[in-house]
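> for reference, the sequence and a predicted model appear below.
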Amino acid sequence: MAKTARQRERLGRWRTRLGRAALALAASSAAACGESSFDIYMRGLAEIEAADRGPCQMEVDAGGAMVISSAKIIECLEANQAALRTIEDAKARGFEGKDVERVIAQLNEKIEKLESRRSVVGYMERESELP
């Protein structure tokens, strides 16, 4: 089906107009919607993973023994609390399901353990400083 130059030119103009309109519509809808609840949930999961790889990682001294300090526990606790706030924000925005409930329950349990561990390690640090 051979098209004349005029037909190709007219078709090209329509494609350009439709492309611009589609681009404008996509940009306006993306700006209007903002971040979805699924995106927030995924960001929360990434924060949990980053906390596990970063501040919650155990340190090893030169002798090969694992070292724990209250400062490190506090960093881990704060990172997990931030991840919990993000996951709860996703839930508040409508992202629901068994997985969300399970992750929130696991984070709450982990935070309770970290708070307990912080108090025990803090006590041990204070006791070791006494003469």
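Alright, I've got the coordinates.

> show me what the biggest helix by length in the chain is packed up against.
Of all segments of type helix in the chain, defined using DSSP state H, the longest is helix 98-129. Taking 3 or more CB pairs under 8 Å, 6 or more residues apart in numbering; DSSP states H and E as the contact definition, the neighbouring helices and strands of helix 98-129 are helix 37-53, helix 70-92. (C-beta placed from N, C-alpha, C; glycine too.)

> now that helix: buried residues?
Residues of helix 98-129 classed as buried under the neighbour-count rule (16 or more other CB atoms under 10 Å) are Val100, Val103, Ile104, Leu107, Lys110, Ile111, Leu114, Arg118, Val121.

> how about the helices and strands packed on helix 98-129 in TSV, adding distance to Ser128 and mean pLDDT?
What follows is those, written out as TSV (distance: least, CB to CB, whole Å; pLDDT from 0 to 100):
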stretch	distance to Ser128	mean pLDDT
helix 37-53	27	94
helix 70-92	12	94
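
> next, format those helices as a markdown table and append mean neighbour count and distance to Asp61.
A markdown table is the format used below for these (neighbours: other CB atoms under 10 Å; distance: least, CB to CB, whole Å):
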| stretch | mean neighbour count | distance to Asp61 |
| --- | --- | --- |
| helix 37-53 | 16 | 20 |
| helix 70-92 | 18 | 13 |
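
> how big is the angle separating the longest helix of the chain from helix 70-92?
Here helix 98-129 runs at 160 degrees with respect to helix 70-92, directions being taken by axes from the mean of the first three to the mean of the last three CA atoms, to 10 degrees.

> domains in this structure, by residue range?
Per the record's domain assignment (automatic domain parsing), the chain is made up of the domains 1-34, 35-129.

> before we move on, the earlier item: can you add distance to Ala62 and give the helices and strands packed on helix 98-129 back as TSV?
As requested, those are arranged in TSV below (distance: least, CB to CB, whole Å):
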stretch	distance to Ala62
helix 37-53	22
helix 70-92	17
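
> of all these, which one is nearest Glu127?
Ranking these by their distance to Glu127 (criterion: CB to CB) puts helix 70-92 first, at 12.4 Å.
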